[in-house]
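Chemist: here is my input; please provide its structure:
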Amino acid sequence: MMRLFEFIGRHGLPLAPDTEERMERHMPAFEEWVRGQAEIWKPFREVLRLPYASKALRAMHETRALHAIFPELRETEALVIRDFYHRYTVDEHTLVAIETVLDLRNKKEDTFGDLAAETDEFDLLVTALLFHDVGKGTPDEGHVTVSSRVAEQALRRSGISDRRGTL
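Modeler: Numbers count the residues shown, from 1 in each chain. Predicted coordinates:
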C-alpha cells in the first residue's frame, strides 16, 4: 500500500473506487504490517517529498491508512470545533492546511514560495501540521501541550530519531 501512495504522490492520480474497496478490505493486514515496522517514517517521509504529496495524504486519510500509520489521528476524525480558525472538521482543517503549504512549493517568484524552496526538510513541516491539532481530541488539557506530546510519541514510535527527522 505504501508503494501505491508513493505512486499517487509521484503522479497525482486518484484511487479507483475498486482499489479503495480492496484497500478497505485489507486494512487490518496493513495495520498489522505497520505495527511491525520499526521505521515506518522512512516510506512515509518519501511520500511527503513527492510533488503530489497532498493527494497521497488525502488518499491515506480516505482509506484510513493514515490512521494505521498514526493511530493518534483517529481522535480528530470528523471532530467539530467551533472557533474562528476551524471552518472544517479538525481532520479536514489539517488536510487543507497541508495542501496549502505544499502548494507553496510550486509558487515560483513568490515570497512564501521562495521560503518553501529554501528548506530540504519541508516534509517535517508537513508532519508538524499533521499533528498540530491532534490535541483537540483531548478537551481537558490545552491542545498545544497535548498535540506536542502526542506528536513526539508518535514520531518516535514511527522511527524518527531527532528533530531533523533522520534515522
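Chemist: centroid-nearest residue for the chain?
Modeler: residue 130 (4.8 Å; CA atoms, centre = their mean).
Chemist: how near is that one to residue 53?
Modeler: Going from residue 130 to residue 53 by CB to CB, to the nearest Å gives 11 Å. Yep, even glycine has a C-beta here, placed from its N, CA and C like the rest.
Chemist: list the buried ones in the worst-scoring helix or strand of the chain on mean pLDDT?
Modeler: Among the helical and strand segments of the chain, the one scoring lowest on mean pLDDT, DSSP states H and E is helix 111-118, with a mean of 71. Using 16 or more other CB atoms under 10 Å as the test for burial, helix 111-118 gives residue 116.
Chemist: so what's the gap between that helix and the chain middle?
Modeler: 21 Å (CA atoms, centre = their mean, to the nearest Å).
Chemist: again with stretch 142-160
Modeler: The mean C-alpha position of stretch 142-160 is separated from the chain mean by 13 Å, CA atoms, centre = their mean.
Chemist: thought residue 14 was touching residue 55?
Modeler: Yes. With contact defined as CB atoms under 8 Å, residue 14 reaches residue 55; the gap is 7.2 Å.
Chemist: more neighbours: which of the two?
Modeler: Ranked by neighbour count (other CB atoms under 10 Å), residue 14 and residue 55 place residue 55 first, with 21 against 12.
Chemist: any weak-confidence spans in this protein?
Modeler: 76-86, 108-111, 161-167 (pLDDT under 70).
Chemist: can you pull out the helices in it?
Modeler: Under the criterion DSSP state H, the chain contains helices at 2-11, 17-25, 27-35, 41-48, 53-63, 65-69, 90-104, 111-118, 122-131, 143-158.
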